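K.L.:
What shape does this take:
(one chain, ligands or ions: 1)
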Amino acid sequence: MLASALSFAVAGIDAIPVRVEAYVAHDDIHPAFVIVGLPDASVREARERVRSGLRGAQQRCPSRVIVNLAPANVRKVGAGFDLAIALAILAAAGDVPAESLAGVAVLGEIGLDGSVRPVAGALVAAEMARRLGLEGVLCAHESSAEVALVDGVTPIPCAAIEHAVNYLRCGVIRPWTAAAPALPGPALPDLADVRGQPLARRALEIAAAGGHNLLLVGPPGVGKSMLARRLPGVLPPLTADQSLEVTRLHSVAGLLPAGGGLVTARPFRAPHHSASAAALIGGGPQLRPGEIALAAHGVLFLDELPEFRRDALEALRGPVEDGVLTVARASGSVTYPCRTSLVAAMNPCPCGGGPACACSDERVRAYRRKVSGPLLDRMDLGVRLVRPEAEVLRADRPEASAAVAGRVRGAAERQAARGSGSNAHLPPAAVAATCSLDADGEALLRRAIDRLALSPRGVDRCLRVARTIADLAGAERVAGDHLAEALSLRLGSVA
Ligand SMILES: [Zn+2]
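P.N.:
A predicted model of the protein is given here:
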(Lines give C-alpha, C1' and ligand atoms only; values in the text may rest on other atoms or scores of the structure.)
Protein backbone atom coordinates (compact mmCIF):
# COMPACT_ATOMS: atom_id res chain seq x y z
CA MET A 1 0.00 0.00 0.00
CA LEU A 2 3.07 2.22 0.43
CA ALA A 3 6.04 2.42 -1.96
CA SER A 4 8.58 4.98 -3.10
CA ALA A 5 10.81 6.00 -6.00
CA LEU A 6 13.80 8.31 -6.03
CA SER A 7 13.86 11.41 -8.25
CA PHE A 8 15.64 14.77 -8.21
CA ALA A 9 15.05 18.48 -7.91
CA VAL A 10 17.55 20.71 -9.71
CA ALA A 11 19.28 23.54 -7.81
CA GLY A 12 21.91 25.48 -9.73
CA ILE A 13 24.01 22.85 -11.45
CA ASP A 14 23.37 20.27 -8.75
CA ALA A 15 20.60 17.80 -8.17
CA ILE A 16 18.91 17.27 -4.81
CA PRO A 17 17.51 13.78 -4.20
CA VAL A 18 13.75 13.78 -3.70
CA ARG A 19 12.02 10.67 -2.42
CA VAL A 20 8.56 10.23 -3.98
CA GLU A 21 6.37 8.23 -1.58
CA ALA A 22 2.97 6.96 -2.65
CA TYR A 23 0.20 5.59 -0.45
CA VAL A 24 -2.71 4.09 -2.34
CA ALA A 25 -6.07 2.55 -1.43
CA HIS A 26 -9.07 1.40 -3.37
CA ASP A 27 -11.73 3.50 -1.78
CA ASP A 28 -14.38 4.61 -4.25
CA ILE A 29 -16.36 6.36 -1.53
CA HIS A 30 -13.52 8.75 -0.65
CA PRO A 31 -11.58 9.16 -3.91
CA ALA A 32 -8.63 11.53 -3.76
CA PHE A 33 -5.33 12.38 -5.40
CA VAL A 34 -3.23 14.56 -3.14
CA ILE A 35 0.37 15.69 -3.54
CA VAL A 36 2.12 17.12 -0.47
CA GLY A 37 5.70 18.21 0.24
CA LEU A 38 6.07 21.79 -1.11
CA PRO A 39 5.00 21.17 -4.70
CA ASP A 40 4.42 24.26 -6.85
CA ALA A 41 1.49 24.50 -9.26
CA SER A 42 3.36 22.75 -12.07
CA VAL A 43 4.00 19.74 -9.81
CA ARG A 44 0.39 19.65 -8.58
CA GLU A 45 -0.70 19.36 -12.22
CA ALA A 46 1.12 16.02 -12.22
CA ARG A 47 -2.18 14.57 -10.87
CA GLU A 48 -3.88 15.10 -14.22
CA ARG A 49 -0.91 13.92 -16.29
CA VAL A 50 -0.28 10.84 -14.15
CA ARG A 51 -3.93 9.76 -14.02
CA SER A 52 -4.40 10.19 -17.75
CA GLY A 53 -0.96 8.74 -18.57
CA LEU A 54 -1.63 5.60 -16.53
CA ARG A 55 -4.95 5.15 -18.32
CA GLY A 56 -3.14 5.59 -21.66
CA ALA A 57 -0.66 2.92 -20.60
CA GLN A 58 -3.54 0.55 -19.68
CA GLN A 59 -2.61 0.71 -16.00
CA ARG A 60 -5.13 1.28 -13.25
CA CYS A 61 -4.83 4.32 -11.09
CA PRO A 62 -6.13 3.57 -7.58
CA SER A 63 -9.04 5.73 -6.51
CA ARG A 64 -7.29 7.09 -3.40
CA VAL A 65 -3.70 8.31 -3.80
CA ILE A 66 -1.53 10.35 -1.47
CA VAL A 67 1.90 11.34 -2.75
CA ASN A 68 4.56 12.88 -0.51
CA LEU A 69 7.70 14.53 -1.91
CA ALA A 70 10.48 14.46 0.69
CA PRO A 71 12.33 16.37 2.04
CA ALA A 72 9.49 18.85 2.46
CA ASN A 73 11.79 21.88 2.71
CA VAL A 74 13.04 21.57 -0.89
CA ARG A 75 10.85 23.44 -3.34
CA LYS A 76 9.72 21.18 -6.19
CA VAL A 77 9.13 22.73 -9.59
CA GLY A 78 8.18 21.32 -12.98
CA ALA A 79 7.00 18.08 -14.49
CA GLY A 80 10.15 16.04 -13.83
CA PHE A 81 8.55 14.07 -10.97
CA ASP A 82 5.69 12.69 -13.11
CA LEU A 83 7.26 9.34 -13.96
CA ALA A 84 8.49 8.77 -10.40
CA ILE A 85 4.99 9.51 -9.08
CA ALA A 86 3.40 7.10 -11.59
CA LEU A 87 5.85 4.29 -10.81
CA ALA A 88 5.58 4.77 -7.04
CA ILE A 89 1.79 4.51 -7.39
CA LEU A 90 2.08 1.31 -9.45
CA ALA A 91 4.52 -0.14 -6.91
CA ALA A 92 2.26 0.79 -4.00
CA ALA A 93 -0.66 -0.86 -5.79
CA GLY A 94 1.39 -4.02 -6.30
CA ASP A 95 1.42 -3.69 -10.09
CA VAL A 96 5.23 -3.61 -10.25
CA PRO A 97 7.58 -5.08 -7.63
CA ALA A 98 8.40 -2.32 -5.11
CA GLU A 99 11.95 -3.60 -4.60
CA SER A 100 12.69 -3.16 -8.33
CA LEU A 101 12.72 0.61 -7.74
CA ALA A 102 15.43 0.39 -5.09
CA GLY A 103 18.55 0.63 -7.24
CA VAL A 104 17.37 3.21 -9.77
CA ALA A 105 16.46 6.86 -10.03
CA VAL A 106 13.47 8.05 -12.04
CA LEU A 107 13.24 11.17 -14.16
CA GLY A 108 10.66 12.23 -16.73
CA GLU A 109 7.51 14.11 -17.63
CA ILE A 110 4.43 12.14 -18.64
CA GLY A 111 2.19 13.01 -21.58
CA LEU A 112 -1.57 12.46 -21.40
CA ASP A 113 -1.14 9.40 -23.64
CA GLY A 114 1.40 7.80 -21.30
CA SER A 115 4.48 8.86 -23.27
CA VAL A 116 7.62 9.83 -21.33
CA ARG A 117 9.25 13.16 -22.16
CA PRO A 118 12.69 14.55 -21.40
CA VAL A 119 13.22 17.05 -18.57
CA ALA A 120 15.96 19.56 -17.89
CA GLY A 121 18.94 18.55 -15.77
CA ALA A 122 19.30 14.85 -16.66
CA LEU A 123 23.09 15.13 -16.55
CA VAL A 124 23.25 16.59 -13.03
CA ALA A 125 20.63 14.06 -11.89
CA ALA A 126 22.75 11.20 -13.24
CA GLU A 127 25.82 12.63 -11.47
CA MET A 128 23.88 12.63 -8.18
CA ALA A 129 22.66 9.07 -8.91
CA ARG A 130 26.30 7.98 -9.15
CA ARG A 131 27.15 9.65 -5.84
CA LEU A 132 24.26 7.75 -4.28
CA GLY A 133 25.55 4.47 -5.71
CA LEU A 134 22.53 3.93 -7.97
CA GLU A 135 23.08 1.86 -11.09
CA GLY A 136 20.47 3.19 -13.47
CA VAL A 137 18.23 6.13 -14.32
CA LEU A 138 14.81 5.51 -15.82
CA CYS A 139 14.36 8.45 -18.18
CA ALA A 140 13.03 9.57 -21.54
CA HIS A 141 14.77 8.19 -24.58
CA GLU A 142 15.96 11.73 -25.38
CA SER A 143 17.71 12.07 -22.00
CA SER A 144 19.73 8.86 -22.36
CA ALA A 145 22.76 10.46 -24.01
CA GLU A 146 23.08 12.87 -21.07
CA VAL A 147 22.80 10.09 -18.48
CA ALA A 148 25.34 8.03 -20.42
CA LEU A 149 27.95 10.78 -19.93
CA VAL A 150 28.24 9.64 -16.31
CA ASP A 151 30.43 6.56 -15.90
CA GLY A 152 28.83 3.74 -13.96
CA VAL A 153 25.23 4.91 -14.43
CA THR A 154 23.13 3.12 -17.06
CA PRO A 155 20.38 5.01 -18.86
CA ILE A 156 17.14 3.00 -18.93
CA PRO A 157 15.27 4.74 -21.75
CA CYS A 158 11.48 4.75 -21.72
CA ALA A 159 9.46 6.20 -24.57
CA ALA A 160 6.30 5.37 -22.61
CA ILE A 161 5.21 4.25 -19.14
CA GLU A 162 4.91 0.64 -20.42
CA HIS A 163 8.66 0.53 -21.05
CA ALA A 164 9.35 1.52 -17.45
CA VAL A 165 6.84 -1.11 -16.25
CA ASN A 166 8.50 -3.79 -18.40
CA TYR A 167 11.88 -2.89 -16.97
CA LEU A 168 10.66 -3.01 -13.36
CA ARG A 169 8.86 -6.35 -13.91
CA CYS A 170 11.42 -8.20 -16.02
CA GLY A 171 14.56 -6.06 -16.24
CA VAL A 172 14.16 -5.41 -19.97
CA ILE A 173 16.29 -2.47 -21.06
CA ARG A 174 15.41 -1.16 -24.48
CA PRO A 175 18.35 -0.30 -26.67
CA TRP A 176 18.95 3.37 -27.33
CA THR A 177 21.20 5.21 -29.65
CA ALA A 178 22.74 8.59 -29.04
CA ALA A 179 21.78 11.23 -31.55
CA ALA A 180 24.24 11.09 -34.42
CA PRO A 181 27.31 12.97 -33.25
CA ALA A 182 26.64 16.59 -34.02
CA LEU A 183 27.42 17.10 -37.67
CA PRO A 184 30.33 19.44 -37.96
CA GLY A 185 27.94 22.37 -37.66
CA PRO A 186 28.14 25.33 -39.96
CA ALA A 187 31.82 26.23 -40.03
CA LEU A 188 32.61 29.07 -37.63
CA PRO A 189 32.98 32.42 -39.38
CA ASP A 190 36.62 33.24 -40.15
CA LEU A 191 38.68 36.31 -39.29
CA ALA A 192 39.92 36.36 -42.89
CA ASP A 193 36.58 38.06 -43.66
CA VAL A 194 37.38 41.12 -41.51
CA ARG A 195 39.40 43.51 -43.60
CA GLY A 196 40.89 46.87 -42.83
CA GLN A 197 40.66 46.61 -39.02
CA PRO A 198 44.17 45.58 -37.90
CA LEU A 199 43.90 47.23 -34.49
CA ALA A 200 40.55 45.63 -33.64
CA ARG A 201 41.82 42.24 -34.82
CA ARG A 202 44.85 42.61 -32.57
CA ALA A 203 42.65 43.54 -29.59
CA LEU A 204 40.47 40.49 -30.30
CA GLU A 205 43.53 38.25 -30.32
CA ILE A 206 44.71 39.64 -26.96
CA ALA A 207 41.21 39.27 -25.51
CA ALA A 208 41.12 35.63 -26.66
CA ALA A 209 44.61 34.85 -25.36
CA GLY A 210 44.07 36.17 -21.82
CA GLY A 211 40.29 36.03 -21.35
CA HIS A 212 40.02 39.84 -21.24
CA ASN A 213 36.86 41.87 -21.78
CA LEU A 214 36.68 43.91 -24.98
CA LEU A 215 34.75 47.04 -25.95
CA LEU A 216 34.33 47.89 -29.64
CA VAL A 217 33.22 51.44 -30.46
CA GLY A 218 32.35 52.43 -34.02
CA PRO A 219 29.58 53.42 -36.41
CA PRO A 220 27.09 50.79 -37.65
CA GLY A 221 28.35 48.46 -40.38
CA VAL A 222 32.01 48.84 -39.51
CA GLY A 223 32.37 45.18 -38.43
CA LYS A 224 31.89 45.20 -34.62
CA SER A 225 29.48 42.28 -34.61
CA MET A 226 31.49 40.44 -37.31
CA LEU A 227 34.52 40.60 -35.05
CA ALA A 228 32.66 39.45 -31.93
CA ARG A 229 31.22 36.44 -33.76
CA ARG A 230 34.72 35.38 -34.76
CA LEU A 231 36.01 35.23 -31.19
CA PRO A 232 34.81 31.64 -30.45
CA GLY A 233 36.74 30.48 -33.53
CA VAL A 234 40.09 31.66 -32.12
CA LEU A 235 39.60 30.51 -28.52
CA PRO A 236 41.41 27.29 -27.55
CA PRO A 237 39.30 24.09 -27.59
CA LEU A 238 37.30 23.39 -24.42
CA THR A 239 38.99 21.08 -21.92
CA ALA A 240 37.06 17.96 -20.87
CA ASP A 241 36.05 19.59 -17.56
CA GLN A 242 34.92 22.78 -19.29
CA SER A 243 32.84 20.75 -21.77
CA LEU A 244 31.12 18.98 -18.92
CA GLU A 245 30.43 22.26 -17.12
CA VAL A 246 28.97 23.85 -20.27
CA THR A 247 26.84 20.73 -20.78
CA ARG A 248 25.57 20.89 -17.17
CA LEU A 249 24.58 24.55 -17.54
CA HIS A 250 22.76 23.95 -20.81
CA SER A 251 21.16 20.79 -19.43
CA VAL A 252 19.64 22.49 -16.38
CA ALA A 253 18.45 25.31 -18.67
CA GLY A 254 16.71 22.71 -20.86
CA LEU A 255 18.66 23.90 -23.88
CA LEU A 256 20.40 20.70 -24.98
CA PRO A 257 19.03 19.36 -28.27
CA ALA A 258 16.88 16.21 -27.84
CA GLY A 259 19.18 13.22 -27.65
CA GLY A 260 22.21 15.51 -27.38
CA GLY A 261 25.18 14.63 -25.22
CA LEU A 262 28.39 16.49 -24.48
CA VAL A 263 28.70 20.09 -25.70
CA THR A 264 32.12 20.56 -27.28
CA ALA A 265 31.73 23.95 -28.96
CA ARG A 266 32.34 27.20 -27.09
CA PRO A 267 29.03 28.98 -26.46
CA PHE A 268 28.28 32.32 -28.12
CA ARG A 269 25.38 34.21 -26.56
CA ALA A 270 24.15 37.55 -27.91
CA PRO A 271 21.09 38.64 -25.88
CA HIS A 272 19.01 41.49 -27.32
CA HIS A 273 19.36 44.87 -25.62
CA SER A 274 15.77 44.63 -24.38
CA ALA A 275 16.78 41.68 -22.16
CA SER A 276 15.76 42.03 -18.51
CA ALA A 277 18.15 41.67 -15.61
CA ALA A 278 16.55 38.27 -14.90
CA ALA A 279 17.23 37.12 -18.47
CA LEU A 280 20.89 38.11 -18.21
CA ILE A 281 21.47 36.87 -14.68
CA GLY A 282 18.94 34.09 -14.29
CA GLY A 283 16.00 33.49 -12.03
CA GLY A 284 12.29 33.26 -12.65
CA PRO A 285 10.10 30.59 -11.08
CA GLN A 286 12.11 27.78 -12.70
CA LEU A 287 15.44 29.26 -11.53
CA ARG A 288 17.01 29.08 -14.92
CA PRO A 289 20.63 30.15 -15.47
CA GLY A 290 20.79 33.49 -17.31
CA GLU A 291 22.65 34.48 -20.46
CA ILE A 292 25.95 35.13 -18.67
CA ALA A 293 25.98 31.58 -17.28
CA LEU A 294 24.92 30.13 -20.63
CA ALA A 295 27.95 31.93 -22.09
CA ALA A 296 30.33 30.33 -19.55
CA HIS A 297 33.60 29.28 -21.19
CA GLY A 298 32.45 31.09 -24.31
CA VAL A 299 31.51 34.59 -25.38
CA LEU A 300 28.81 36.96 -24.11
CA PHE A 301 28.24 39.63 -26.76
CA LEU A 302 26.32 42.78 -25.80
CA ASP A 303 25.63 44.72 -28.99
CA GLU A 304 24.30 48.30 -28.63
CA LEU A 305 25.57 48.41 -25.04
CA PRO A 306 24.02 51.81 -24.11
CA GLU A 307 20.57 50.51 -25.13
CA PHE A 308 20.62 47.81 -22.44
CA ARG A 309 18.57 48.50 -19.35
CA ARG A 310 20.57 50.16 -16.64
CA ASP A 311 19.54 47.65 -13.97
CA ALA A 312 20.46 44.76 -16.27
CA LEU A 313 23.98 46.12 -16.80
CA GLU A 314 24.35 46.83 -13.08
CA ALA A 315 23.38 43.22 -12.34
CA LEU A 316 26.11 41.96 -14.67
CA ARG A 317 28.93 43.78 -12.89
CA GLY A 318 29.57 41.38 -10.03
CA PRO A 319 29.33 38.17 -12.06
CA VAL A 320 31.63 39.60 -14.77
CA GLU A 321 34.19 40.36 -12.09
CA ASP A 322 33.84 37.18 -10.02
CA GLY A 323 33.12 34.54 -12.65
CA VAL A 324 30.39 33.22 -10.37
CA LEU A 325 26.72 34.06 -10.42
CA THR A 326 24.58 33.81 -7.29
CA VAL A 327 20.83 33.98 -7.70
CA ALA A 328 19.07 34.56 -4.40
CA ARG A 329 15.51 33.45 -3.91
CA ALA A 330 13.10 33.05 -1.06
CA SER A 331 13.73 29.31 -1.29
CA GLY A 332 17.48 29.75 -0.94
CA SER A 333 20.22 30.82 -3.31
CA VAL A 334 21.94 28.90 -6.07
CA THR A 335 25.21 29.59 -7.84
CA TYR A 336 26.28 29.07 -11.43
CA PRO A 337 29.78 29.30 -12.88
CA CYS A 338 29.83 32.11 -15.46
CA ARG A 339 33.43 32.88 -16.44
CA THR A 340 33.05 34.26 -19.93
CA SER A 341 34.68 36.61 -22.42
CA LEU A 342 32.56 39.75 -22.44
CA VAL A 343 32.53 41.64 -25.73
CA ALA A 344 30.47 44.83 -25.87
CA ALA A 345 29.83 47.07 -28.85
CA MET A 346 28.46 50.59 -29.11
CA ASN A 347 28.15 53.47 -31.51
CA PRO A 348 30.29 56.50 -30.74
CA CYS A 349 27.17 58.69 -30.45
CA PRO A 350 23.36 58.43 -30.48
CA CYS A 351 23.00 58.92 -34.26
CA GLY A 352 25.54 56.19 -34.99
CA GLY A 353 28.40 58.54 -35.72
CA GLY A 354 28.30 58.60 -39.50
CA PRO A 355 29.92 61.39 -41.54
CA ALA A 356 26.71 63.46 -41.23
CA CYS A 357 26.82 63.36 -37.40
CA ALA A 358 25.69 66.60 -35.83
CA CYS A 359 25.20 65.37 -32.26
CA SER A 360 26.04 67.95 -29.60
CA ASP A 361 28.70 67.15 -27.04
CA GLU A 362 25.99 67.14 -24.41
CA ARG A 363 23.96 64.47 -26.27
CA VAL A 364 27.07 62.35 -26.79
CA ARG A 365 27.93 62.56 -23.10
CA ALA A 366 24.37 61.62 -22.11
CA TYR A 367 24.52 58.64 -24.47
CA ARG A 368 27.79 57.39 -22.99
CA ARG A 369 26.52 57.93 -19.46
CA LYS A 370 23.89 55.29 -20.14
CA VAL A 371 26.63 52.73 -19.80
CA SER A 372 27.40 52.48 -16.14
CA GLY A 373 30.89 53.63 -15.30
CA PRO A 374 31.69 50.58 -13.17
CA LEU A 375 30.89 48.23 -16.06
CA LEU A 376 33.04 50.27 -18.44
CA ASP A 377 35.78 50.06 -15.84
CA ARG A 378 35.68 46.28 -16.25
CA MET A 379 36.42 46.44 -19.96
CA ASP A 380 40.15 45.72 -20.24
CA LEU A 381 40.51 46.55 -23.91
CA GLY A 382 38.83 49.23 -25.98
CA VAL A 383 39.12 49.90 -29.69
CA ARG A 384 37.68 52.68 -31.82
CA LEU A 385 36.80 51.34 -35.25
CA VAL A 386 36.56 53.62 -38.26
CA ARG A 387 35.40 52.82 -41.75
CA PRO A 388 38.50 51.97 -43.78
CA GLU A 389 39.25 53.63 -47.12
CA ALA A 390 38.13 51.60 -50.14
CA GLU A 391 41.74 51.21 -51.18
CA VAL A 392 42.77 49.76 -47.82
CA LEU A 393 39.83 47.36 -47.96
CA ARG A 394 40.86 46.11 -51.39
CA ALA A 395 44.51 45.65 -50.50
CA ASP A 396 44.07 44.05 -47.05
CA ARG A 397 44.60 40.27 -46.98
CA PRO A 398 44.13 39.53 -43.29
CA GLU A 399 45.20 36.35 -41.54
CA ALA A 400 42.71 33.51 -41.15
CA SER A 401 41.37 32.42 -37.75
CA ALA A 402 43.54 29.27 -37.73
CA ALA A 403 46.78 31.30 -37.59
CA VAL A 404 45.46 33.54 -34.81
CA ALA A 405 44.13 30.52 -32.90
CA GLY A 406 47.61 28.97 -33.01
CA ARG A 407 49.18 31.98 -31.23
CA VAL A 408 46.27 32.14 -28.76
CA ARG A 409 46.79 28.47 -27.90
CA GLY A 410 50.49 29.09 -27.29
CA ALA A 411 49.72 31.96 -24.93
CA ALA A 412 47.07 29.88 -23.13
CA GLU A 413 49.59 27.07 -22.65
CA ARG A 414 52.08 29.50 -21.07
CA GLN A 415 49.37 30.66 -18.64
CA ALA A 416 48.43 27.05 -17.84
CA ALA A 417 52.10 26.20 -17.22
CA ARG A 418 52.31 28.97 -14.60
CA GLY A 419 49.32 27.40 -12.88
CA SER A 420 47.74 30.75 -12.01
CA GLY A 421 44.71 30.51 -14.30
CA SER A 422 43.96 32.91 -17.14
CA ASN A 423 45.59 36.34 -16.95
CA ALA A 424 42.28 38.20 -16.87
CA HIS A 425 41.39 36.49 -13.60
CA LEU A 426 44.71 36.71 -11.78
CA PRO A 427 43.86 37.57 -8.16
CA PRO A 428 45.18 41.03 -7.15
CA ALA A 429 47.71 39.43 -4.82
CA ALA A 430 49.22 37.47 -7.71
CA VAL A 431 49.44 40.34 -10.22
CA ALA A 432 52.77 41.81 -9.06
CA ALA A 433 54.59 38.47 -9.06
CA THR A 434 53.11 37.12 -12.29
CA CYS A 435 53.38 40.37 -14.26
CA SER A 436 56.85 41.45 -13.12
CA LEU A 437 58.13 44.29 -15.32
CA ASP A 438 61.59 44.87 -16.71
CA ALA A 439 63.30 48.23 -16.01
CA ASP A 440 61.70 49.95 -19.06
CA GLY A 441 58.32 48.70 -17.99
CA GLU A 442 58.74 49.99 -14.44
CA ALA A 443 59.68 53.44 -15.69
CA LEU A 444 56.77 53.54 -18.11
CA LEU A 445 54.32 52.40 -15.45
CA ARG A 446 55.44 55.17 -13.08
CA ARG A 447 54.93 57.79 -15.80
CA ALA A 448 51.52 56.34 -16.72
CA ILE A 449 50.29 56.36 -13.13
CA ASP A 450 51.20 60.05 -12.88
CA ARG A 451 49.88 61.22 -16.24
CA LEU A 452 46.79 59.04 -16.64
CA ALA A 453 45.85 59.06 -12.96
CA LEU A 454 45.44 55.27 -13.06
CA SER A 455 43.67 53.79 -10.07
CA PRO A 456 45.23 50.73 -8.40
CA ARG A 457 42.52 48.63 -10.04
CA GLY A 458 43.30 50.22 -13.42
CA VAL A 459 46.99 49.47 -12.93
CA ASP A 460 46.21 45.80 -12.24
CA ARG A 461 44.03 45.60 -15.35
CA CYS A 462 46.81 47.06 -17.51
CA LEU A 463 49.36 44.69 -16.03
CA ARG A 464 47.17 41.65 -16.71
CA VAL A 465 46.72 42.70 -20.35
CA ALA A 466 50.45 43.41 -20.66
CA ARG A 467 51.13 39.90 -19.30
CA THR A 468 48.95 38.46 -22.07
CA ILE A 469 50.75 40.52 -24.71
CA ALA A 470 54.06 39.16 -23.36
CA ASP A 471 52.64 35.62 -23.46
CA LEU A 472 51.63 36.08 -27.09
CA ALA A 473 55.21 37.18 -27.79
CA GLY A 474 56.62 34.22 -25.85
CA ALA A 475 58.39 36.56 -23.43
CA GLU A 476 59.34 35.57 -19.89
CA ARG A 477 59.00 39.07 -18.39
CA VAL A 478 56.71 41.94 -19.27
CA ALA A 479 58.71 44.53 -21.20
CA GLY A 480 58.09 48.23 -21.78
CA ASP A 481 56.55 47.75 -25.22
CA HIS A 482 54.14 45.11 -23.92
CA LEU A 483 52.94 47.55 -21.27
CA ALA A 484 52.83 50.39 -23.81
CA GLU A 485 50.49 48.40 -26.04
CA ALA A 486 48.31 47.50 -23.06
CA LEU A 487 48.08 51.18 -22.07
CA SER A 488 47.18 52.21 -25.59
CA LEU A 489 44.37 49.66 -25.60
CA ARG A 490 42.98 50.86 -22.28
CA LEU A 491 39.54 52.23 -22.47
CA GLY A 492 40.84 55.79 -22.22
CA SER A 493 41.92 55.55 -25.84
CA VAL A 494 38.33 55.32 -27.05
CA ALA A 495 36.66 57.84 -24.80
ZN1 LIG B 1 26.01 61.62 -33.90
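K.L.:
Mind pulling up the pLDDT for the residue in the stretch 101-250 of the chain that the ion sits nearest to?
P.N.:
Proximity to the ion, evaluated over the stretch 101-250 of the chain using CB to the ion, is greatest for residue 219 at 8.9 Å. Yep, even glycine has a C-beta here, placed from its N, CA and C like the rest. Residue 219 carries a pLDDT value of 91.
K.L.:
Let me see the contact set for it.
P.N.:
If you count contacts by CB atoms under 8 Å, 6 or more residues apart in numbering, residue 219 has them with 347, 348, 352, 353, 354, 385, 386, 387.
K.L.:
secondary structure class for it?
P.N.:
coil (DSSP: H, G, I helix; E, B strand; the rest coil).
K.L.:
One more: residue 343?
P.N.:
Going by three-state DSSP: residue 343 is strand.
K.L.:
From residue 114, how far out is the nearest residue to residue 115 once chain neighbours are set aside?
P.N.:
Residue nearest to residue 115 in three dimensions, not counting chain neighbours: residue 160, with 5.1 Å by CB to CB, 6 or more residues apart in numbering. Between residue 160 and residue 114 the computed distance is 5 Å (CB to CB, to the nearest Å).
K.L.:
okay, the two: which has more neighbours?
P.N.:
Comparing residue 160 with residue 114 by other CB atoms under 10 Å, the one with more neighbours is residue 114, at 22 against 19.
K.L.:
My understanding was that that one contacts residue 161; is that so?
P.N.:
Yes: between residue 114 and residue 161 there is a contact at 4.6 Å, judged by CB atoms under 8 Å.
K.L.:
joint contacts of those two?
P.N.:
Common neighbours of residue 114 and residue 161 (CB under 8 Å, 6+ apart) are 53, 54, 56, 57.
K.L.:
which residues touch the residue nearest to residue 115?
P.N.:
Contacts of residue 160 by CB under 8 Å, 6+ apart are 57, 113, 114, 115, 116.
K.L.:
And the pLDDT for the closest residue to residue 14 other than its chain neighbours?
P.N.:
Nearest residue to residue 14, sequence neighbours excluded (CB to CB, 6+ apart): residue 124, at 5.9 Å. Per-residue pLDDT puts residue 124 at 97.
K.L.:
in the helix or strand hosting residue 124, what's buried?
P.N.:
Taking DSSP states H and E as the criterion, residue 124 maps to helix 122-131. For helix 122-131, burial by neighbour count (16 or more other CB atoms under 10 Å) applies to 122, 123, 124, 125, 126, 127, 128, 129, 130.
K.L.:
ok, which stretches of the stretch 351-495 of the chain are strands?
P.N.:
Assigned by DSSP state E, counting those that start in this stretch, the stretch 351-495 of the chain shows strands spanning 381-384.
K.L.:
what about residue 294, distance to residue 13?
P.N.:
12 Å.
K.L.:
Find the residues that touch each one of these two.
P.N.:
The contact sets of residue 294 and residue 13 overlap at residue 249 (CB under 8 Å, 6+ apart).
K.L.:
Most neighbours of all the shared contacts of residue 114 and residue 161, which one?
P.N.:
Most crowded among the shared contacts of residue 114 and residue 161, counting by other CB under 10 Å, is residue 53 at 26 neighbours.
K.L.:
Could you check what's spatially nearest to it, not counting adjacent residues?
P.N.:
The nearest residue in space to residue 53 (CB to CB, 6+ apart) is residue 110, at 3.9 Å.
K.L.:
in terms of contact, does the one you found touch residue 118 like I think?
P.N.:
No: Residue 110 sits out of contact with residue 118 when judged by CB under 8 Å, with a separation of 11.8 Å.
K.L.:
Is it correct that residue 333 falls within a strand?
P.N.:
Yes: counting by three-state DSSP, residue 333 falls inside a strand.
K.L.:
which SSE is the nearest residue to it once chain neighbours are set aside in?
P.N.:
Of all residues not flanking residue 333 in the chain, residue 326 sits nearest, at 5.4 Å (CB to CB, 6+ apart). If you go by DSSP H and E, residue 326 is part of strand 324-329.
K.L.:
Now that strand: buried residues?
P.N.:
Using 16+ other CB under 10 Å as the test for burial, strand 324-329 gives 325, 327.
K.L.:
Tell me the strands beside it, with direction?
P.N.:
strand 332-337 (antiparallel) (DSSP bridges).
K.L.:
Flag every buried residue along the partner strand.
P.N.:
334, 335, 336, 337.
K.L.:
Kindly report the same for stretch 44-61.
P.N.:
46, 47, 49, 50, 51, 52, 53, 54, 56, 57, 59, 61.
K.L.:
Skipping adjacent residues, who's closest to the fifth one in space?
P.N.:
The spatially closest residue to residue 51, leaving aside those adjacent along the chain, is residue 61, at 5.1 Å (CB to CB, 6+ apart).
K.L.:
Output those of the shared contacts of residue 114 and residue 161 also counted as contacts of the ion.
P.N.:
Near the ion, judged by CB under 5 Å from the ion, there are no entries from those.
K.L.:
In helices, which of those appear?
P.N.:
53, 54, 56 (DSSP state H).
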